[in-house]
Structure formats: C-alpha cells, structure tokens
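In: below: sequence and its predicted model.
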Amino acid sequence: MRLLVAIRIELRKLAAQRATYVGFGALALLVGLFVWGTWRAGPPLKAWSVPEDFIVAGKLVTGVLIPYVLLEMRVALAVFIPLLIATTVGGSVAGERKSGTLRTLMTRPVSRGVVLSAKLVVAWAYAGALTVFMGVFALILGYAVFGGGDLLALELDAPGLNIIAEQQAWLRLALGYGLAAVAMMAVASLALFLSVLCDNPLTAAGLTVAVLLVCAVLKQIPYFEWLWPYLLTEHITVHTRAFASSVAWADIGRSGVYLAGYILIPAGLAAAIFQRRDILC
C-alpha cells in the first residue's frame, strides 16, 4: 500500500517537471519532421542500405512503414530517447539530494526501499511511455498521411526484403516496440543507479550517455570482439528481430536475458548504495 502511495507521489513529481513534456514534444517533432520529409522526398532508402534505383511495383510508403523505419534507423533508440531518459531519470535522486528535498523525504515514516522502488517503477514507466508514444504517434501520423498497406521490411542476415501483411505488421510493430521499451527500461535503470551514485543530476545524466557511447565505440573495435555480446548497445537493437520473415525468438530470448540483467543489476546496486548514502546524509 505504501509503495502505491509512493508511486503516485513520484508520478506527480514527474508530471510537474517541464522536461517530461519537453521529451514527448521533442519526439512528436521528430516524428512529424520524418513524416514530412518522407512525404516530400520519399522513404530514406540510403538509411535502409537499399540502392536508390530500387523499384517496387505497388505502394511503398504506408502507415505501418513510418514507425518501422524509425526503429530501423536506430537514431531514436540509440541517441534520442536514451538522452531524454538520462536527463529526466538522472535527476530522480541526485536532483532531490542537491535541492535538499531527499533528506526531508527520509524523515517521513516510509522505508528507503519503498522510496527507491517507487522511483524505479516510475523511471521504467517513463522509459516505456516515451518508446510507445513514438510508435503510436508515428503510426497515427503515418496512416493519416499515407493510408494503409503492407509493410516492406528488410530481411535479416541476408539481402532482400520481407513483405508483411498489414494486420501482421501491426503485431510485429507491437512486438518490436515492446522489445524497444524493455531496452529503454535498461537505460532507465542505469540512469537511476548513477543518480544514486552522484550528487549532481547533470553528472548522472552525462555518465549515462557516456556509458552508452563507450559501449558503441567498443563495438567498433575488433580487439574487443569478445566483449560485444555483453554490451548494452548490442541488445538495444533486439527489436529488429521482430521483423524477420520468421520471428527470431531464440535471439530475442538471448537478448532478453541480457536486458533483464541490465535492468535488475543496476537496480540492486542502486538499492544497496541508497541505503548507506541516506544513513550518511
């Protein structure tokens, strides 16, 4: 019961922050600009690694194509949404410690575990909400501008395209964005852990982004090939497995195990540090 009350309090705090609405507004602007650009110049075939002279008989740009391409381009999930999560969640604990409100909160008859659990739940919910919002808004705007039709998706691990029927494409998009939301929850756990560890919210946000950048750089260095399967950035793109001709459940399950670790391990470390740091405040 106390946890539900604490979650409501954290949700009100989140709703009171301008950065929360700025994040959703920025995503809406990103989707709007992408739809406008696609309407004016056609789909970004270069981002797809498809030759510009590639010819398709029929309707190429459809409502389901817009959210799919946003996932495939990876800019939103690799940079944009993680940056929004780092900025907001990074201040969840560090911001309150810096302003002095955290010490006041600890004087109330509520355990530290409940407080941190509520912050974790809200951080995960925010990360998932950002991801789902981008997909839903892209789908609505895509249908409004381009109408319905099948989805032309890239075939994984082989040259070629996979045509997915419209109704099936809805299910694939739901699976893809669900997996993307889980990946973003891992980023939220990392950001909250660093928020507990740091005294400055900007430091926590900056370190979150830095960890993701270091993982991305390591992925480009052959000497660290043995480390690649364990990097968070290696599994952030698990959603791409949802659009193969046959859904790659084995790969999804394997990445799901790693993402679960990236969600739970930082949460556990944050809980351990949060207990002691409050005592020393």
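Out: On my side now, so go ahead.
In: report how many residues lie close to Ala210.
Out: If you count neighbours by other Cβ atoms under 10 Å, Ala210 ends up with 12. All C-beta atoms are positioned from the backbone trio N, CA, C, and that covers glycine.
In: oh, that last question was meant for Leu139, not what I typed.
Out: 22.
In: so who does it touch?
Out: By Cβ atoms under 8 Å, 6 or more residues apart in numbering, Leu139 lies in contact with 63-64, 66-67, 173.
In: can you flag which of those belong to helices?
Out: 66-67, 173 (DSSP state H).
In: thinking again about what came up before, which one among the contacts of Leu139 gets closest to Phe137?
Out: The closest of these to Phe137 turns out to be Pro67 (Cβ to Cβ; 8.6 Å).
In: chain neighbours aside, what residue packs nearest to the closest one?
Out: Ala138 (3.9 Å; Cβ to Cβ, 6 or more residues apart in numbering).
In: so that neighbour touches Val31, yeah?
Out: Yes - Ala138 lies in contact with Val31 (Cβ atoms under 8 Å); the separation is 4.8 Å.
In: looking at those two, which is more packed in?
Out: Taking neighbours as other Cβ under 10 Å, Ala138 and Val31 compare with Ala138 leading, 29 against 24.
In: now the more buried one: how far from Arg241?
Out: Using Cβ to Cβ, to the nearest Å, Ala138 is found at 20 Å from Arg241.
In: a strand runs through Ile163, doesn't it?
Out: Yes - using DSSP: H, G, I helix; E, B strand; the rest coil, the secondary structure at Ile163 is a strand.
In: spit out the contact partners of Trp226.
Out: Counted by Cβ under 8 Å, 6+ apart, Trp226 has zero contacts.
In: make residue 1 into 15 and carry on from there
Out: Right, with 15 as the first residue, what we last looked at is Trp240.
In: so it sits in a helix?
Out: Yes - counting by three-state DSSP, Trp240 falls inside a helix.
In: quick check: pLDDT value at it.
Out: The pLDDT attached to Trp240 in the predicted structure is 89.
In: before we move on, what about Arg117?
Out: So Arg117 comes in at 67 (pLDDT).
In: so Ala167 is in which element?
Out: Taking DSSP states H and E as the definition, one finds Ala167 inside strand 165-168.
In: can I get the CA coordinates of stretch 74-86 in CSV?
Out: Provided in CSV are the C-alpha atoms of stretch 74-86 (Å, rounded to 0.1, in the frame of the first residue of the first chain):
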residue,chain,number,x,y,z
LEU,A,74,5.9,1.5,-50.9
VAL,A,75,5.1,4.1,-48.2
THR,A,76,2.3,3.1,-45.9
GLY,A,77,1.1,3.9,-42.4
VAL,A,78,2.9,1.0,-40.9
LEU,A,79,6.2,1.8,-42.6
ILE,A,80,6.7,5.0,-40.7
PRO,A,81,7.1,3.5,-37.2
TYR,A,82,9.1,0.6,-38.7
VAL,A,83,11.7,2.9,-40.3
LEU,A,84,12.0,5.0,-37.1
LEU,A,85,13.0,1.8,-35.4
GLU,A,86,15.4,0.7,-38.2
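In: grab the nearest non-local neighbour of the spatially most central residue of the chain.
Out: Central residue of the chain (Cα atoms, centre = their mean): Met198, 2.9 Å from the mean position. Leaving aside its sequence neighbours, Met198 sits nearest to Ala141 (Cβ to Cβ, 6+ apart; 4.0 Å).
In: you'd agree the one you found is in a helix?
Out: Yes - membership of Ala141 in a helix is supported by three-state DSSP.
In: and the helix or strand containing Ile154, what's buried?
Out: Element membership of Ile154 [criterion: DSSP H and E] is helix 126-160. Residues of helix 126-160 classed as buried: 126, 128-149, 151-153, 155-156, 160 (neighbour count, 16 or more other Cβ atoms under 10 Å).
In: what mean pLDDT does that helix get?
Out: Helix 126-160 shows a mean pLDDT of 92.
In: how distant is it from the center of its chain?
Out: With Cα atoms, centre = their mean, to the nearest Å as the basis, helix 126-160 stands 8 Å off its chain's centre.
In: stretch 191-199 too?
Out: With Cα atoms, centre = their mean, you get 5 Å for stretch 191-199.
In: hmm, who's touching that stretch?
Out: 81, 85, 91, 95-96, 99, 138, 141-142, 144-146, 148-149, 249-253, 255-256, 266, 269-270, 273, 277.
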